[in-house]
Each structure stands twice: as C-alpha cells, then as structure tokens.
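Colleague: just to be clear, the model below is a prediction. Sequence and coordinates:
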Amino acid sequence: MEILESLLTINGKDIYKEYRAFLAEDKSGGHDNYNALLQVPAMKAYTAVTFREQNGENLPASLPAPHYEARDVTLQFGILADTPAEWYTHYIAFIDFLKSGWLVFALPELGTQYRMYFKSAASHDMSSPLTVEDKVYGKMKLKFREPNPYQSIDL
C-alpha cells in the first residue's frame, strides 16, 4: 500500500516501510490523529498577585509572551501484515522502537514536527483477517508526552 508510505516518519524512519505501522482512523475521512497533534496546548498561567483586601488579582500592565504547558497526545496506529506471526513481529519491533527515547514525529503533508516520548498504551484492538486482500490488521491507541510544545527542533 504505497499510499501509506512517507506519511509519517519518526526519527527519520518511514514507519510504514519499517514496521507496517501508520496513523489509523476509526472512520473513513477521520482526522482524530491530526486533530490531536494540532491541538493548541494549554497556556501557562500568568504570575498574579492577590491581596485579601482587594478584589480579583493584579497582573502587570503589559503581559509577557505566552508560554505553553506540557501536553499529552494520544495517537491511533494501525499495523498491517500478511500473517498473524508477521503482524506480531512488526508490533513488538514498533513498540520497542517507540520505547527507545526521544521521538521526532515528522508529517511532511503538514510540514510539522513534534518532539515527544512514549508514555503509555491506551488501548489495543486486533481485527483479523482484514476484508481487503486478506491482511491481518490491528490498531492501538498510544499516548505520548510533549514536554515542550512549539520547541524548535534541530535535526
């Protein structure tokens, strides 16, 4: 499925070519993965001073540049294979790769990059055989932590 190639690289690896993994959606035309990546992180609170004798809080007349909180991003991946054994081999290799440390997700289609690390697995669903071409398919939701959103990434 050449259409899945080069849509997402992690640390420079095309995850479809390497692990038969790709960003998967629950329904045709869905954008849950891109929505999760493009979600604006929560802003850090401005430093404010409160006095019991006054209403509200005091802030500087000119607010400093905004900064963002760290955020968690949940992405859904699918893995496609010819046999259950092949699927399991790709699955284990993909999870081991994700646990290796810093991960730079690059989406050429959007021209964006994100520096995150693997945090946890949220769910897993094995669907086999897939009705198209008798393939074995499984999907999983994985959670990643982006400690410094909008950090410039030097590759």
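Modeller: Perfect, I can see it now. Residues are numbered from 1 along each chain as shown.
Colleague: so what's the nearest residue to Tyr34 once chain neighbours are set aside up against?
Modeller: Counting by CB to CB, 6 or more residues apart in numbering, Leu110 is the residue found nearest to Tyr34 once chain neighbours are left out, at 7.1 Å. C-betas here are computed from N, CA, C, even on glycine. By CB atoms under 8 Å, 6 or more residues apart in numbering, Leu110 lies in contact with Tyr34, Leu37, Leu38.
Colleague: which of these fall in helices?
Modeller: Assigned to helices by DSSP state H, the following of those qualify: Tyr34, Leu37, Leu38.
Colleague: count the residues that sit near the second one.
Modeller: By other CB atoms under 10 Å, the residues close to Leu37 number 20.
Colleague: contact partners for it?
Modeller: If you count contacts by CB under 8 Å, 6+ apart, Leu37 has them with Val73, Leu75, Phe105, Leu107, Leu110, Thr112, Tyr114.
Colleague: distance of it from Tyr46?
Modeller: Separation of Leu37 from Tyr46 (CB to CB, to the nearest Å) stands at 26 Å.
Colleague: grab the longest strand from this structure for me.
Modeller: Criterion DSSP state E: the longest strand present in the chain is strand 112-127.
Colleague: confidence score at the residue lying farthest from the centre of the chain?
Modeller: Here the chain reaches farthest from its C-alpha mean at Glu53, the gap being 46.3 Å by CA atoms, centre = their mean. Turning to Glu53, the model gives it a pLDDT of 94.
Colleague: quick one: what helix or strand has it in it?
Modeller: When elements are assigned from DSSP states H and E, Glu53 belongs to no helix and no strand.
Colleague: what separation do you get for it and Ala61?
Modeller: 21 Å.
Colleague: now Ile10
Modeller: Going from Ile10 to Ala61 by CB to CB gives 45 Å.
Colleague: between those two, which one's more packed in?
Modeller: Applying other CB under 10 Å to Ile10 and Ala61 shows that Ile10 carries more neighbours, namely 20 against 4.
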